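**Student:** give me a model of this one.
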Amino acid sequence: MMDWPERVFNDKGRAAPARARRGEPISALIDRRRLLLGAAALSLAPVAAAAADGLGFRPLSPSIGPREAVAEGYRRAIVLRWGDPLWSDAPPFDPSRPDARAAARQFGFNNDFTAFLPLEDDDPDRGLLVVNHEYPNPHLMFAGLQESTAAAEMSLEQVQFTMASCGMSVVELRRTEGAWAPVVDSAFNRRVTGTTPVRISGPAAGHARLQTSADPSGTRVLGTHDNCNGGVTPWGTVLSGEEGSADFFGGEVGGHPDAAHLARNHYADLEPHGRYGWARADRRFDINHEPNEPNRFEWVVEIDPFDPDAAPVKRTALGRFAHEGAQCALAPDGRVVVYLGDDWEYEYCYRFVTAQPFDPNHRAANRDLLDEGVLSVARFSAEGAVDWLPLVYATGPLTAANGFHSQGDVQVETRRAADLLGATPMDSPEGYLPDPKTGRIIIALTGAGEDRTAGTNAANPRQGNVAGHLLELVPPDTGQGPDHAADSFTWSIFALCGDPAEPGEGARFHPDAGPEDWFEAPDNLAFDAAGDLWVCTDGPGRRNHDGLWVMATEGETRAWPRLFYSPPAGGECCSPAFTPDGSGVFVAIQHPAEDKASLAEVTARWPDGDPTLPPRPSVIFISRTDGGPVADDRA
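**Tutor:** Got it, this is the predicted structure:
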C-alpha cells in the first residue's frame, strides 16, 4: 500500500483529483430508491462564517454542544414518534399502562435504519417509510426504573411491551402542503415485533443447531430484534440487519452444550434474565432452557413492504454475525452484490454475490435470489489489495477436520470460518456503502478499545483506535462499470477520525480542516445526489458530540467534513433517506436522553417537551426553508 497521505492528498496539500469520472447509476431502480444521507434545519445554533465550499450550506459550529441544531436555511419537522398509532384502533400512547397489544399497533421504539420507497414513480407526495427498531431502553420508557437494575425490576407487562416495541415498522406517508404525515389505517402499514412469525431460508434452514422444542423443523422463528442498519434490494424489498443478540438472552454460558460457539459470538457474560428481562417473559430467551434459540438470530431479514401478507424471511446465505447493514450493488453481469459488516471490535467485512442475476422485468423472479450465492470475507493487504475469500464448505480449511460438515455449518459459524481463512480483523465495521455513481465503497469503522488485543494492521493502523476511521475500496472497472463481484479490489484510507490538534491521536482529514470540522466514531453512511458523503456518528462522548456530517469524496475539498445536524442530548441520528425528488430527507433519531440512568434524571423530554411523557425516539424530516432541493446534483 502506498503511504496514506500520498494516496489521499497530492504534494501541494490539496485534495487529490478524482480518479475516475462519475458514471451513470448502476441501476435506475437503485438510483431512484437508493438510501441517501440527510441533514437538518431549525436555526438554533451558531454557524461558521462561510458556507462550506461546494456543499451549499453553512456548517454548524461544534460549540453547540449536545443539543439539537440544524444548518442555517433548513428546517426540521417531526414525522413519527414512538407510540404514534398506525391504525385507528390503537389506543393513545401511554407507557404508564404498558400493553403489548397496543405497542404492536403503534410505531416502535429506538428507530435506526430508514428507507423511503415511492409507491408510484410519478407521485412525489406518497411513499412507504420502512424503519428498524433496534433495542429498548426500559429505564427511559417507564418511570421508577434504574438502568442497572431494570431487567430484574420490570413487570412482565413492561417486558412484553418492550418485545412488541422492537422489530420493524412499515408506514405509508403522504405529504400535504410540504408536511409529511402517516396514513393511519393504510393497507401497507405493518409492525414486525419480537413475536412475529419469520421464515428461515437458505443453507442453514432446518439445521440441527436452529431446531428448538417449539420449532423442531428449524425453519420458523418468532420475531426479530436488535435490528440496526439495513439496505434496499434492486427489486424493492428491505434488508434488516440483526446486529447481535447477547443482550436479549439470559442464562449461564458455562453450562451450555455449545459454550465455545457462544463465546466466539460474544455471549461470554450474560445477565440472568438478559439485559432487558426478556428471559423472564419468554423462556426461549434462557439459553439453558432453549440452547439453540440464539442461533436463530443475528441474520439478515428480508421484508417486502409492498406485500403486508408476505412473511419476513431470514436469509441465512448472508451469514450469521452482528449485521450492521446490507447494502446492495449490481455487478456488470447483473448479479446482486450485498456488502455486510460485522459490527464488533476485531470482526470482519463480508460480501455476498448471488448465483443468479437480478431480473428487472419480473419482480417475483427475484423473490429467493438471496438464498443462493457465495459469501466471502475480506483480507486487506499492506500493498493495497482487498482479496475476497469465499466461505465455501469443503474448500480450504472449511472441512470436517475443522468441524464443518455442510454449508449450513459454515453459515451458522460464519465468524469461526472467517477466522480459519485469515480474514483481516477490523475496528468495528459499521456503515459499508457503495457509491451508486462511481462504484467506490466507503467503510465506516467506528473504532476499537485502548487495549487493541488483535494488534494493528495496514487497514486498521492505530492501536487504541477509539475515534475510528473511513476506508475507500475500489472494484476493478470492466469497461461496463465497476465489477463488484471481482475477486480483488484496491483500498486506501479515506480519513482517520479524531482530533487533528492532538499529536498522539494521528487523526487526518483534509489538510485545511480546522478544529470545528473533526468528528469521531463514524457509523451510518449515505451519498447524496451530487455524490457527496454523509456520515452519522455514534457515541463520541469525549470532546465533541454526535452529529450528521457531510464531505466531498472528490475534488478540492475531498475528506473535509462539515457539521450539518446535531441531535438532541443523548440521542443519535441514524440512516437518513432522501425523497426521490431531493426535496428533503428522513432521519431517525434514536435513544434521546440515553446519557441518563433513569427517567427521573431527564429534564429535556424530546421532542414533546411534556414532563408527563418520556423522551421519544422519532423520525424527522429536514427540508430547505426556500423549498429548494436538500441535495441537488452539484456534479
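
**Student:** do a quick rundown of the strands in the stretch 101-250 of the chain.
**Tutor:** For the stretch 101-250 of the chain, the strands defined by DSSP state E, counting those that start in this stretch occupy 111-118, 126-133, 167-176, 179-182, 190-192, 197-201, 220-222, 227-232, 238-242.

**Student:** okay if I get these as CSV plus mean neighbour count, mean pLDDT and distance to D532?
**Tutor:** Backbone N, C-alpha and C define where each C-beta goes, glycine included. Formatted as CSV, the strands of the stretch 101-250 of the chain follow (neighbours: other CB atoms under 10 Å; pLDDT from 0 to 100; distance: least, CB to CB, whole Å):
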stretch, mean neighbour count, mean pLDDT, distance to D532
strand 111-118, 25, 97, 19
strand 126-133, 26, 98, 23
strand 167-176, 21, 98, 25
strand 179-182, 18, 97, 24
strand 190-192, 24, 98, 33
strand 197-201, 18, 98, 37
strand 220-222, 20, 98, 40
strand 227-232, 27, 97, 20
strand 238-242, 28, 98, 24
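
**Student:** a markdown table for the ones you listed, including distance to P357?
**Tutor:** Below are the strands of the stretch 101-250 of the chain laid out as a markdown table (distance: least, CB to CB, whole Å):
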| stretch | distance to P357 |
| --- | --- |
| strand 111-118 | 22 |
| strand 126-133 | 25 |
| strand 167-176 | 28 |
| strand 179-182 | 35 |
| strand 190-192 | 29 |
| strand 197-201 | 19 |
| strand 220-222 | 30 |
| strand 227-232 | 18 |
| strand 238-242 | 18 |
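
**Student:** tell me which of those lies nearest to H289.
**Tutor:** Closest to H289 of the strands of the stretch 101-250 of the chain, according to CB to CB: strand 220-222, at 14.9 Å.

**Student:** which elements pack onto that closest one?
**Tutor:** The contact analysis (3 or more CB pairs under 8 Å, 6 or more residues apart in numbering; DSSP states H and E) places strand 220-222 against strand 197-201.

**Student:** re the thing from before, which one of the strands of the stretch 101-250 of the chain lies nearest to C574?
**Tutor:** Of all these, strand 111-118 comes closest under CB to CB, at 4.7 Å.

**Student:** tell me the strands beside that closest one, with direction?
**Tutor:** If you go by DSSP bridges, strand 111-118 pairs up with strand 126-133 (antiparallel).

**Student:** quick one on the thing from earlier: of the strands of the stretch 101-250 of the chain, which is nearest E472?
**Tutor:** Between E472 and the strands of the stretch 101-250 of the chain, the tightest spacing by CB to CB is seen for strand 227-232, at 19.0 Å.

**Student:** strand 111-118 and the closest one, what's the angle between them?
**Tutor:** 20 degrees (axes from the mean of the first three to the mean of the last three CA atoms, to 10 degrees).

**Student:** surely A260 is in a strand?
**Tutor:** No: judged by DSSP: H, G, I helix; E, B strand; the rest coil, A260 forms no part of a strand; its state is helix.

**Student:** let me know the secondary structure of R415.
**Tutor:** Under three-state DSSP, R415 comes out as helix.

**Student:** quick one: low-confidence parts of the stretch 51-200 of the chain?
**Tutor:** Applying pLDDT under 70 to the stretch 51-200 of the chain flags the ranges 51-54, 62-66.

**Student:** actually the chain, sorry about that
**Tutor:** For the chain, applying pLDDT under 70 flags the ranges 1-54, 62-66, 451-453, 540-544, 632-635.

**Student:** so which residues of it form helices?
**Tutor:** Taking DSSP state H, the helices of the chain run over residues 4-8, 28-33, 100-103, 138-141, 150-153, 156-165, 259-264, 278-281, 407-412, 414-421.

**Student:** format those as TSV; extra columns: distance to S213 and mean neighbour count.
**Tutor:** Listed next are these as TSV, based on distance: least, CB to CB, whole Å; neighbours: other CB atoms under 10 Å:
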stretch	distance to S213	mean neighbour count
helix 4-8	53	16
helix 28-33	41	16
helix 100-103	23	20
helix 138-141	28	25
helix 150-153	24	19
helix 156-165	19	23
helix 259-264	19	16
helix 278-281	15	24
helix 407-412	19	23
helix 414-421	25	21
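
**Student:** nearest to N288, of those?
**Tutor:** helix 278-281 (9.5 Å).

**Student:** show me what the closest one is in contact with.
**Tutor:** By CB atoms under 8 Å, 6 or more residues apart in numbering, the residues outside helix 278-281 that reach it are 151, 154, 156, 159-160, 162-163, 194, 248-251, 272-273, 285-286.

**Student:** next one: that helix to chain centre, how far?
**Tutor:** Helix 278-281 sits 26 Å away from the centroid of its parent chain (CA atoms, centre = their mean, to the nearest Å).

**Student:** that older thread, the helices of the chain: which one's closest to A208?
**Tutor:** helix 407-412 (8.6 Å).

**Student:** give me the contacts around the closest one.
**Tutor:** Taking CB under 8 Å, 6+ apart as the rule, helix 407-412 contacts 202-207, 209-210, 295, 316-317, 319-320, 375, 391-393, 398, 403-404, 417.

**Student:** what's the local residue count around N265?
**Tutor:** Other residues lying near N265 total 24 when counted by other CB atoms under 10 Å.

**Student:** measure it to R415 for me?
**Tutor:** 7 Å (CB to CB, to the nearest Å).

**Student:** go on, P272?
**Tutor:** 26 Å.

**Student:** swap in E271?
**Tutor:** E271 is 22 Å from R415, by CB to CB.

**Student:** try V183
**Tutor:** From V183 to R415 the distance is 42 Å (CB to CB).

**Student:** try S488
**Tutor:** 23 Å.

**Student:** sorry, back to before: out of the strands of the stretch 101-250 of the chain, which comes closest to D546?
**Tutor:** strand 111-118 (13.3 Å).

**Student:** what angle do that closest one and strand 238-242 make?
**Tutor:** Strand 111-118 and strand 238-242 are oriented at 170 degrees to each other (the same axes, to 10 degrees).

**Student:** distance between strand 111-118 and the chain's centre?
**Tutor:** Computed by CA atoms, centre = their mean, the chain-centroid distance of strand 111-118 equals 11 Å.

**Student:** F527 reaches K437, doesn't it?
**Tutor:** Yes: between F527 and K437 there is a contact under CB atoms under 8 Å: 7.3 Å.

**Student:** any common contacting residues for these two?
**Tutor:** Contacts common to F527 and K437, judged by CB under 8 Å, 6+ apart, are absent.

**Student:** how about the strands of the stretch 451-600 of the chain, start to end?
**Tutor:** Using DSSP E, counting those that start in this stretch, the strands of the stretch 451-600 of the chain run over residues 469-474, 488-496, 522-527, 533-537, 548-551, 562-566, 572-578, 584-590.
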